[in-house]
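Colleague: With the sequence up front, the predicted model follows.
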Protein chains: 2
Amino acid sequence: MQKLKQLLKDLEPAIADIINQPGSPRAVYEPISYILGLGGKRIRPAMVLAAYKLYKDDYSPEVMKIAQAVEMFHNFTLLHDDIMDNSPLRRGQETVHIKWDNATAILSGDLLQIEVYEKLADVGNVEILKLFNTMARELCEGQMNDMQFEQMHVVSNEAYLEMIRQKTAVLLGFSLQAGAILGGANKEEGEKLYELGISIGLGFQLMDDYLDSFGETAKVGKRIGGDILEKKKTYLWNEMWGRIDAYTQQEIEAVYTESEVEIIDFIKTKMNESGAMDFTLNLAQNYTSKSLTALNNFRATVGDKGYLEEIVRMLSSREN
Amino acid sequence: MQKLKQLLKDLEPAIADIINQPGSPRAVYEPISYILGLGGKRIRPAMVLAAYKLYKDDYSPEVMKIAQAVEMFHNFTLLHDDIMDNSPLRRGQETVHIKWDNATAILSGDLLQIEVYEKLADVGNVEILKLFNTMARELCEGQMNDMQFEQMHVVSNEAYLEMIRQKTAVLLGFSLQAGAILGGANKEEGEKLYELGISIGLGFQLMDDYLDSFGETAKVGKRIGGDILEKKKTYLWNEMWGRIDAYTQQEIEAVYTESEVEIIDFIKTKMNESGAMDFTLNLAQNYTSKSLTALNNFRATVGDKGYLEEIVRMLSSREN
């Protein structure tokens, strides 16, 4: 993962720059520094740079601003989503609406969103601005779909895939497309890279869902079984639900009166026995293979595919 | 007010267009239609058109999009401010976070904000986009200052004027400047119109504060004395507080245990006796005269100043 490490190193000054913003009143700027400073893999800005590297080696100021913009936008969505989802923790630390309050979290998020558009205005590329807007609109739609699914008993996997496309994949697609456009990609290449980002995003999210139930805590870095306890309508859950008979569905409803360990154990067994586990893992891996093949077939003009390839492999293995 | 009526008539299709948006899931689009459909004076889009009319008579598609954008942005700020301020009513109807819930109100606001930037991207003028961002950032800072003032015992009138400049005036300034730029204004003219918008906004807000205590319900369209009951640190309040002695300050603190009618009556008397009432009214009227003089001296190239003049007069008299 030498090349990915290099990208993350290249990003450091740009990330430090958005974390350490001045501005007054401090009460609205501090939460922005706080959430941006919580860390994370910085995978979206790395994807911007990796797509740019398909064309050019030395970064332009514009590509760094787009890298900043996608990381800021991602954190804006986290900040507001955490309020909507009543999440107390983010990366092991208090969320902004808990550490401060709802009003501060709403307003800091709004300001962060405006700062994203300041970066986009500095880049001054109206095509990229329009692509960003389309992506951002879909992401909001995805968040609403996600919230609505929580109220529903059954969600089709078609609807679920569309939701994770909106909520996760489109921002990865935009990151690649915008980085490539700034590197000099033509329209068709830009669109292909957007589709590659979608495929990466779907594979990433499906693997994330899979690991939430079947990963190892040490590798995944969080407690296993959270989705199961929340009865989250993930692909894994929906697939299991569609494969089991009415009697087993009743058994599953009933097990939620038992202890957490028993719930997780029982549902995992049903996910396994029904074939939903293998099917989901297989689908996630298919998206990854598809991504790697698409990247392999991609006709980059002069640049280096190695950066993006490492990102795809890292996201699919989740070993780092 | 024939010319203002004409502007509002010209705006009707553009306003109907932003109210009647399709889009799915409906759960995130309906609240946008709802808040935009609650009405209001549509004064900001009218200002965009009025500034454009200083230069050209027939509207371009771009100027209508900017008119839509400022109305949408204004409603975005209302939508989120109502959550932050726990306001149950907006224009006599339930606010979005009451009619739906906080999560829906946050997300619909975020989406509305993105739609504002879609309009700006369609216009494709990077200079206007940058002016918009500067304005939007200041508006967020103003909202935070406003919230912080609520926790403070004393606010200087210098700080208060700066807060209302950020929270109210900059959007009026942007509306005039952007409309004028699209009409063909040069840089200096655009900046002069921005300053005119600031002056209009300060006069408007000071008059609004004044009328909240000293207006007539029939004309102002809301109950008189709300700011006093909330102990809101308006210019009127701050000015009174600085003019009275410590004994009267204690009397004022004490009166808040009495009935609402007694509180309002007592504070209004003190505002009057201390000279704060006249001073505030006078300052508001000074901003209006200053605005009318600036408009009178403004060297418009070919257009009609009458539209903007009617708006300034309407906002200062608040008779309509």
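Modeller: Great, that's in hand.

Colleague: quick one, phi/psi of A:Leu89?
Modeller: With angles defined as degrees, to the nearest 10, A:Leu89 sits at phi -130, psi 150.

Colleague: make that A:Glu94, sorry
Modeller: Dihedral pair for A:Glu94: phi -60, psi 140, per degrees, to the nearest 10.

Colleague: cool, and A:Tyr59?
Modeller: Backbone torsions of A:Tyr59, given as degrees, to the nearest 10, read phi -70, psi 140.

Colleague: how about A:Lys119, what does it touch?
Modeller: A:65-66, A:68-69, A:72 (Cβ atoms under 8 Å, 6 or more residues apart in numbering or on different chains). No exception for glycine: its C-beta is placed from N, CA and C like everyone else's.

Colleague: Excluding residues flanking it in the chain, which one is nearest it?
Modeller: A:Ala69 (4.0 Å; Cβ to Cβ, 6 or more residues apart in numbering or on different chains).

Colleague: Which single one of the contacts of A:Lys119 is nearest to A:Ile83?
Modeller: A:Met72 (17.4 Å; Cβ to Cβ).

Colleague: Around the closest residue to the closest one other than its chain neighbours, count how many other residues there are.
Modeller: Nearest non-adjacent residue to A:Met72, counting by Cβ to Cβ, 6+ apart: A:Val116, 4.9 Å away. When neighbours are defined as other Cβ atoms under 10 Å in any protein chain shown, A:Val116 has 24 of them.

Colleague: Quickly find the element holding the residue nearest to A:Lys119.
Modeller: helix A:61-84 (DSSP states H and E).

Colleague: avg pLDDT for that helix?
Modeller: Across helix A:61-84, pLDDT averages out at 98.

Colleague: Please work out the angle formed by the directions of it and helix B:61-84.
Modeller: Interaxial angle of helix A:61-84 relative to helix B:61-84 (axes from the mean of the first three to the mean of the last three Cα atoms, to 10 degrees): 40 degrees.

Colleague: CA atoms of helix A:61-84 as PDB?
Modeller: Extracted C-alpha coordinates of helix A:61-84, given in PDB (Å, rounded to 0.1, in the frame of the first residue of the first chain):
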ATOM      1  CA  PRO A  61      -4.200  23.700  -6.800                       C
ATOM      2  CA  GLU A  62      -7.700  22.900  -8.200                       C
ATOM      3  CA  VAL A  63      -7.400  19.200  -7.600                       C
ATOM      4  CA  MET A  64      -6.400  19.800  -4.000                       C
ATOM      5  CA  LYS A  65      -9.400  22.000  -3.500                       C
ATOM      6  CA  ILE A  66     -11.700  19.300  -4.900                       C
ATOM      7  CA  ALA A  67     -10.000  16.800  -2.500                       C
ATOM      8  CA  GLN A  68     -10.700  19.200   0.400                       C
ATOM      9  CA  ALA A  69     -14.300  19.800  -0.900                       C
ATOM     10  CA  VAL A  70     -15.200  16.100  -0.900                       C
ATOM     11  CA  GLU A  71     -13.700  15.500   2.600                       C
ATOM     12  CA  MET A  72     -15.600  18.500   3.900                       C
ATOM     13  CA  PHE A  73     -18.800  17.500   2.200                       C
ATOM     14  CA  HIS A  74     -18.500  14.000   3.600                       C
ATOM     15  CA  ASN A  75     -18.100  15.400   7.100                       C
ATOM     16  CA  PHE A  76     -21.000  17.800   6.600                       C
ATOM     17  CA  THR A  77     -23.200  14.700   5.900                       C
ATOM     18  CA  LEU A  78     -21.900  12.900   9.000                       C
ATOM     19  CA  LEU A  79     -22.500  16.000  11.100                       C
ATOM     20  CA  HIS A  80     -26.100  16.300  10.100                       C
ATOM     21  CA  ASP A  81     -26.800  12.500   9.800                       C
ATOM     22  CA  ASP A  82     -25.600  12.100  13.400                       C
ATOM     23  CA  ILE A  83     -28.300  14.500  14.600                       C
ATOM     24  CA  MET A  84     -31.000  12.800  12.500                       C
END
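
Colleague: Can you list the buried residues in that helix?
Modeller: Buried residues in helix A:61-84, counted by 16 or more other Cβ atoms under 10 Å in any protein chain shown: A:62-84.

Colleague: ok, the residue nearest to A:Lys119 - contacts?
Modeller: A:116, A:119-120, A:123, A:132.

Colleague: Would you mind measuring from it to chain B?
Modeller: A:Ala69 sits at a distance of 12 Å from chain B (criterion: Cβ to the nearest Cβ, to the nearest Å).

Colleague: same thing with A:Ala276?
Modeller: Shown here: A:Ala276 relative to chain B, a distance of 26 Å by Cβ to the nearest Cβ.

Colleague: Likewise for A:Gly179?
Modeller: Between A:Gly179 and chain B the computed distance is 19 Å (Cβ to the nearest Cβ).

Colleague: Could you report the neighbour count for whichever residue of the stretch 201-320 of chain A sits closest to chain B?
Modeller: Closest contact between the stretch 201-320 of chain A and chain B, by Cβ to the nearest Cβ, is at A:Lys233 (15.2 Å). A count of neighbours around A:Lys233, defined by other Cβ under 10 Å, yields 23.

Colleague: go on, A:Asp58?
Modeller: 7.

Colleague: pLDDT score for it?
Modeller: At A:Asp58, the model reports a pLDDT of 95.

Colleague: And it, its phi and psi?
Modeller: Note on A:Asp58: backbone dihedrals following degrees, to the nearest 10 are phi -90, psi 130.

Colleague: how near is it to A:Gly190?
Modeller: A:Asp58 sits 20 Å away from A:Gly190, going by Cβ to Cβ, to the nearest Å.

Colleague: so after the helix holding A:Ala69, what's the next helix or strand?
Modeller: Assigned by DSSP H and E, the successor of helix A:61-84 is strand A:89-90.

Colleague: Other residues contacting that next one?
Modeller: A:35, A:38, A:78, A:82, A:95-96.

Colleague: now these as TSV including distance to chain B?
Modeller: Shown next, in TSV, are the contacts of strand A:89-90 (distance: Cβ to the nearest Cβ, whole Å):
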residue	distance to chain B
A:Ile35	15
A:Leu38	20
A:Leu78	13
A:Asp82	11
A:Thr95	14
A:Val96	13
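
Colleague: measure the most centrally placed residue in chain A to B:Ala46 for me?
Modeller: With distances taken as Cα atoms, centre = their mean, A:Thr168 lies nearest the centre of chain A, 4.3 Å away. Distance, A:Thr168 to B:Ala46, using Cβ to Cβ: 42 Å.

Colleague: For chain A, name the helix or strand with the lowest mean pLDDT.
Modeller: helix A:217-220 (a mean of 68; mean pLDDT, DSSP states H and E).

Colleague: What is the next helix-or-strand element following it packed up against?
Modeller: As assigned by DSSP H and E, the chain's next helix or strand after helix A:217-220 is helix A:226-229. Secondary-structure packing of helix A:226-229 (3 or more Cβ pairs under 8 Å, 6 or more residues apart in numbering or on different chains; DSSP states H and E): helix A:187-214, helix A:235-243, helix A:260-273.

Colleague: will you turn those helices into JSON lines that also has mean pLDDT, distance to A:Glu158 and mean neighbour count?
Modeller: Shown next, in JSON lines, are the helices and strands packed on helix A:226-229 (pLDDT from 0 to 100; distance: least, Cβ to Cβ, whole Å; neighbours: other Cβ atoms under 10 Å in any protein chain shown):
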{"stretch": "helix A:187-214", "mean pLDDT": "95", "distance to A:Glu158": "13", "mean neighbour count": "21"}
{"stretch": "helix A:235-243", "mean pLDDT": "94", "distance to A:Glu158": "10", "mean neighbour count": "21"}
{"stretch": "helix A:260-273", "mean pLDDT": "96", "distance to A:Glu158": "19", "mean neighbour count": "16"}
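
Colleague: Thanks a lot, see you next time.
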